[in-house]
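Trainee: take this sequence and fold it.
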Amino acid sequence: MSTSIDDLLSFDEEPAGEARDARGGWLRGLLRTLAVTAAIVVVVVVGLRAVGLQASLWIIVAGVLAVLAVRRVTAALSPPPPPRAGGRAPAGEEPGTWNWGARDALRSAINRWQVPLDWSTSRPERFTNVILPRIGELADERLRQKHGVTRESDPARARALLGEPLWAFLATPARRTPSPRNVAAIVAELEKL
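Mentor: Here you go, the predicted structure:
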């Protein structure tokens, strides 16, 4: 199945309740992290005092947060577990290979666009600060792969290859968030490179 950038950035209206759920999920995750951090810090402080040691509370909090961050990153990067007996066949090229239906990295990357795009609808500065640089990176990568240049390495050639509308879009920050139709037109121009 092939999906273009245009398909991934197409606009569909979502009910307002779903946007609230996304924010609530973020807040719930933050509160859960704070509660877990507080519980672990209490256990560590009590354990250290039980053996007669003392350490700065801020150092303990920073250490616990670092361990939780490493845990989250390693969980996101770990491969999926192997299928159970009688389960699905492996998705690798050969039967029995290591690829047990691994997550699609491109799909994961595209899914990470959802939250910044949702935020940018109500806050244009988020579009300028978050989305526009990412689109610029996509343009640079596309230019590098297809033509061996980037906007920084050869601005004149990059401008000619991108075309004036796309160059202007990437070079000047928008005062308001562009409509989904305008973003789709920009993405279509990127795909033509």
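Trainee: show me where pLDDT drops low in the protein?
Mentor: Counting by pLDDT under 70, the chain contains low-confidence ranges at 1-24, 80-111, 113-115, 117-119.
Trainee: can you give me the helices in it?
Mentor: Using DSSP state H, the helices of the chain run over residues 5-8, 16-50, 57-77, 105-111, 114-122, 124-126, 132-147, 155-162, 164-171, 180-192.
Trainee: so which bits of the last one are buried?
Mentor: Read it as helix 180-192. Using 16 or more other C-beta atoms under 10 Å as the test for burial, helix 180-192 gives 183-187, 189-190. Any C-beta I mention is one placed from the backbone N, CA and C, and that applies to glycine too.
Trainee: again, but for the third one
Mentor: When burial is assessed from 16+ other C-beta under 10 Å, helix 57-77 yields the following buried residues: 60-61, 64-65.
Trainee: residues contacting that helix, please?
Mentor: 33, 36-37, 40-41, 44-45 (C-beta atoms under 8 Å, 6 or more residues apart in numbering).
Trainee: can you list the buried residues of helix 57-77 in CSV and add distance to Arg112?
Mentor: Putting these into CSV (distance: C-beta to C-beta, whole Å) gives the following:
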residue, distance to Arg112
Ile60, 32
Val61, 28
Val64, 26
Leu65, 22
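Trainee: from these, pick the one nearest Arg49.
Mentor: Within the buried residues of helix 57-77, the smallest distance to Arg49 is 11.5 Å, found for Ile60 (C-beta to C-beta).
Trainee: ok, how many other residues are close to Gly136?
Mentor: 15 (other C-beta atoms under 10 Å).
Trainee: quick one, what contacts it?
Mentor: Gly136 sits next to 151, 170 when contact means C-beta under 8 Å, 6+ apart.
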